[in-house]
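Enquirer: Generate a structure from the sequence data that follows.
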Amino acid sequence: MIAGLNVITDNLDYLLWGRAAAGVPGGVLLSLLMAAGAALLALPGGVALACLAWRYSGVIRKALFLWAELIRGIPLIFVIFWMWYLLPLITGGDLPGALTVTLALAWFTAASVMHSVLAGINALPSGQYEAALTQGFSTQQTLWHILLPQVMRNILPSLVGIFISLLKDTSLAFIVNVPELTTVAGQVNNRVQIYPAAIFIFTGVVYYLLCCSLEQLAKRWRISRPAL
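Expert: As a prediction, the model looks like this:
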């Protein structure tokens, strides 16, 4: 048991930061960076798509729903593979692996955010929209100033669940050898070739603590915000 802990302590810096000192972040740091980058892209993207689907019926809404169902119906690991091989063909050059995985995570997560936000908008009383129009608000003003503030607070538990899944999904980056936490844990295990249970239990505990911390931060933020 003590020897297993020594494996963790001897490689702790590498598991937490990778080779960040040399300008190549990895481990927990890279997992957080990819999750944060994907969230920063997926949240506004999903909200914008939800607003489009709510505002425009017909072909636009059907196309957005088809795109979202297609993305959500495909395993994320395939989305990562597609982005890994297609983006270099589109851009004409190789992209960093972490950036490719971040874009894949954002694309995948935006579909879930869109559905969640759209459901939140549809759950509000329709009278709010009509009353805003009679007061001279435009559709965009009504969305931005009246509907979305309520929606974002109401769907916060759903968004937290989406972003917790996003954080855990960064572990799939190992499939393209991006040195996030799961990848570097595997590298440490392959190097020392002993005590794999200690290494991967540590990895699981880190993911658990990160996800619990995100949930607690969201709860504190919701409590501190005044009711709308």
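Enquirer: State the pLDDT value of Thr182.
Expert: Per-residue confidence at Thr182 stands at 94 (pLDDT).
Enquirer: now the residue of the chain positioned farthest from its centre: how far from Gly73?
Expert: Distance from the centre of the chain peaks at Thr134, with 38.1 Å (CA atoms, centre = their mean). Thr134 sits 41 Å away from Gly73 when distances are taken as CB to CB, to the nearest Å. For glycine as for every other residue, the C-beta is placed from the backbone atoms N, C-alpha and C.
Enquirer: For Ala50, which non-adjacent residue is closest in space?
Expert: Residue nearest to Ala50 in three dimensions, not counting chain neighbours: Val117, with 3.7 Å by CB to CB, 6 or more residues apart in numbering.
Enquirer: Against Phe163, how distant is the residue farthest from the centre of the chain?
Expert: When distance is defined by CB to CB, Thr134 is 37 Å away from Phe163.
Enquirer: My reading is that Leu95 lies in a strand. Confirm?
Expert: No: secondary structure assignment (DSSP: H, G, I helix; E, B strand; the rest coil) places Leu95 in coil, not in a strand.
Enquirer: Over to it: give its phi and psi.
Expert: Leu95 has phi and psi values of phi -100, psi 150 when expressed as degrees, to the nearest 10.
Enquirer: Run a quick check on it versus Leu87, I expect a contact.
Expert: Yes: using CB atoms under 8 Å as the test, Leu95 is close enough to Leu87 to be in contact (5.4 Å).
Enquirer: Quick check: neighbours shared by the two?
Expert: A shared contact of Leu95 and Leu87, defined by CB atoms under 8 Å, 6 or more residues apart in numbering, is any residue touching both; here there are none.
Enquirer: Now do the contacts for Leu210.
Expert: Leu210 makes contact with Val28, Ser31, Leu32, Leu167, according to CB under 8 Å, 6+ apart.
Enquirer: in a helix, that's where the last one is, yeah?
Expert: This points to Leu167. Yes: when classified by three-state DSSP, Leu167 is found to be part of a helix.
Enquirer: May I ask which helix or strand of this structure has the lowest mean pLDDT?
Expert: For the chain, the helix or strand with the lowest mean confidence is helix 2-10, at a mean of 75 (criterion: mean pLDDT, DSSP states H and E).
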